[in-house]
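> I would like to see how this sequence folds:
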Amino acid sequence: MMPRRLVLLLALCAGTRALAGQDSPFGINGLGVPGRQESARARATGGAFALFDPFSGVTEVSVTANTLLSASAEGAASYVTDDLDGLRGTRRTARFPLFQISGPAWGGVVIGGGFSTYLDRGYRVSLTDTVTLAGSRQQVTDVLSSDGGVSDLRIVAARRFGVLALGAGFHLLSGSSRFLASRTFTDTSAYSGVSQSDELAYRGTGVSGSAMLILGTLRIAGFARSDTHLRSELNGIEVIRNDLPTTVGGGVYWQVTPEVALATTVVHTNWSVVADSNAYNTTVWAAGGEFGSRRHPLRVGVRSGQMPFGPGGTAPREFAVSLGTGLSFSNGHGIIDLALEHQRRTGAGLTETLWTGLFGVTVRP
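Take a look at the predicted model:
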């Protein structure tokens, strides 16, 4: 994804011996860290409700639940600790990763759209080493950073036919990342620092479809999505093109009682189509539930699976537990959802732990 000269510099710095600080290290390899198109409500259930939630961006058929024009936005803040063979770094992030809007159109068709994070390409790595210049040893600090990513802009339509609901969507992938590579010397009187920056623009498309079978209190959903290519452009010129994966998934939702709902999902993505030796297929499962009154429920969930990119010959793994609640007011015309997620990622000697708080607001005028 990066211009060749930045890739070479990254490879050189990877051989240094001390890691002073870092940011999103799992986003350095491959295309980055995939986003999660899940609302705060769905995240509180580990993602298990995402296939059935009209304010998540996973399936199209879920929007058939919106009989009124409805809009939802989400904010997220994370505190992250990274540990690479005993070298630790911490960071904080804040994002607005999701916005969705949908409502009835004509003939029973519900249309919608919105945006979500498709790939996160943000990181900052600082490495310290000593090099030999003019016969003397000099201490240097190399900084590699990327700020940006790829967004998923989607348009969907869905309709219910009795016990069966069908939907389809079109996805436009767009975004950019600004890459910076710099080297500074401890002896600033003898040596001046150097730096170089480039900005890549991303372009891509995708299509998706989903179906849901509604059998009383039981819902069974399945979906498939195929993304074409991610084109990376530097100054308007395509410098690299990466194949993008196909994703398939399914899930079951059971409204056990008016105050108890349970769900489980499994999603598989063939990320290995990306032309990268550090790319792996992933299978992620989630299970969760919602308990209590719709006005003020308790939600819990668990999620586990692989991450698509990472060195070491095997896919990094992640495990997360979450909980949350919500508040409905004005007869359901306004909803506030809160979630807290604890996530652990491991791979190639790196352990990353995240505490993420999510805040969602839904409005039904």
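> Helices of this protein, start to end?
Using DSSP state H, the helices of the chain run over residues 4-13, 40-44.
> Out of these, point me to the one whose mean pLDDT is lowest.
Ranked by mean pLDDT, the helices of the chain end with helix 4-13 at the bottom, a mean of 34.
> Which residue, other than its chain neighbours, is closest to Asp147?
Closest residue to Asp147 apart from its sequence neighbours, by CB to CB, 6 or more residues apart in numbering: Arg178 at 5.1 Å. Where you see a C-beta, it was placed from the backbone N, CA and C, and this is true even at glycine.
> Tell me how many other residues surround the residue lying closest to Ile214 once chain neighbours are set aside.
Nearest residue to Ile214, sequence neighbours excluded (CB to CB, 6+ apart): Val163, at 5.1 Å. Using other CB atoms under 10 Å, Val163 is surrounded by 11 other residues.
> oh, and call the first residue 55 from now on, that's how I've got it
In the new numbering, first residue 55, that becomes Val217.
> per-residue pLDDT, the residue nearest to Asp201?
On the pLDDT scale, Arg232 gets 90.
> correct me, but it touches Leu288?
No - the pair Arg232 / Leu288 is not scored as a contact, 11.5 Å apart, by CB atoms under 8 Å.
> which of the residues in stretch 376-387 are buried?
The neighbour-count check on stretch 376-387 (16 or more other CB atoms under 10 Å) flags 376-380, 382 as buried.
> Can you flag which of those residues belong to strands?
376-380, 382 (DSSP state E).
> Can you give me the neighbour number for Ile274?
There are 16 residues near Ile274, going by other CB under 10 Å.
> how much space between it and Gly414?
26 Å (CB to CB, to the nearest Å).
> what's the answer for Leu377, then?
14 Å.
> now Ala369
Taking CB to CB, one finds Ala369 at 30 Å from Gly414.
> Neighbour count for the two, which is higher?
Gly414 (25 against 21).
> so who does that one touch?
Residues near Gly414 by CB atoms under 8 Å, 6 or more residues apart in numbering: 93-95, 109, 126-129, 389-393.
> now do Thr240
Here Thr240 is in contact with 192-195 (criterion: CB under 8 Å, 6+ apart).
> Swap in 6 Å and give it another go.
The neighbourhood of Thr240, defined by CB atoms under 6 Å, 6 or more residues apart in numbering, consists of Gln193.
> Check Arg191 too.
Taking CB under 6 Å, 6+ apart, one finds Thr184 in contact with Arg191.
> how close does it sit to Thr184?
5 Å.
> Can you pick out the most distant pair from the ones in strands among the buried residues of stretch 376-387?
Spatially, the most separated pair among those is Ser376 and Ser382, at 19.9 Å (CB to CB).
> Give the pairing partners of the longest strand along the chain; include direction for each.
Secondary structure of the chain per DSSP E: the longest strand is strand 190-215. Its sheet considered, strand 190-215 pairs with strand 163-174 (antiparallel), strand 177-187 (antiparallel), strand 218-239 (antiparallel) by DSSP bridges.
> Nearest to Val248, out of those?
strand 218-239 (5.4 Å).
> Check the offset of that closest one from the chain's centre.
Offset of strand 218-239 from its chain centre (CA atoms, centre = their mean, to the nearest Å): 10 Å.
> Kindly report the same for stretch 255-270.
Worked out by CA atoms, centre = their mean, stretch 255-270 lies 16 Å from the chain centre.
> and that stretch, average pLDDT?
97.
> Ok, stretch 331-347 next?
On average, stretch 331-347 scores 94.
> got the CA coordinates for that stretch in PDB?
What follows is stretch 331-347, C-alpha atoms only, in PDB (Å, rounded to 0.1, in the frame of the first residue of the first chain):
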ATOM      1  CA  SER A 331       2.500 -13.000   2.400                       C
ATOM      2  CA  ASN A 332       1.100 -11.800   5.700                       C
ATOM      3  CA  ALA A 333      -2.600 -12.100   4.700                       C
ATOM      4  CA  TYR A 334      -4.900 -14.800   6.100                       C
ATOM      5  CA  ASN A 335      -8.500 -15.900   5.900                       C
ATOM      6  CA  THR A 336     -10.500 -15.100   9.000                       C
ATOM      7  CA  THR A 337     -13.500 -16.700  10.800                       C
ATOM      8  CA  VAL A 338     -15.100 -14.700  13.500                       C
ATOM      9  CA  TRP A 339     -17.900 -15.800  15.800                       C
ATOM     10  CA  ALA A 340     -20.000 -13.900  18.300                       C
ATOM     11  CA  ALA A 341     -22.600 -14.600  20.800                       C
ATOM     12  CA  GLY A 342     -24.700 -12.300  23.000                       C
ATOM     13  CA  GLY A 343     -27.900 -11.300  24.600                       C
ATOM     14  CA  GLU A 344     -30.200  -8.500  25.600                       C
ATOM     15  CA  PHE A 345     -32.100  -8.700  28.900                       C
ATOM     16  CA  GLY A 346     -34.800  -6.600  30.500                       C
ATOM     17  CA  SER A 347     -37.100  -3.800  29.400                       C
END
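> what's in contact with that stretch?
83-84, 99-102, 313-316, 318-326, 351-353, 355-357, 359-360, 362-365, 369.
> where does the stretch 55-204 of the chain dip in pLDDT?
The model of the stretch 55-204 of the chain has pLDDT under 70 over residues 55-78.
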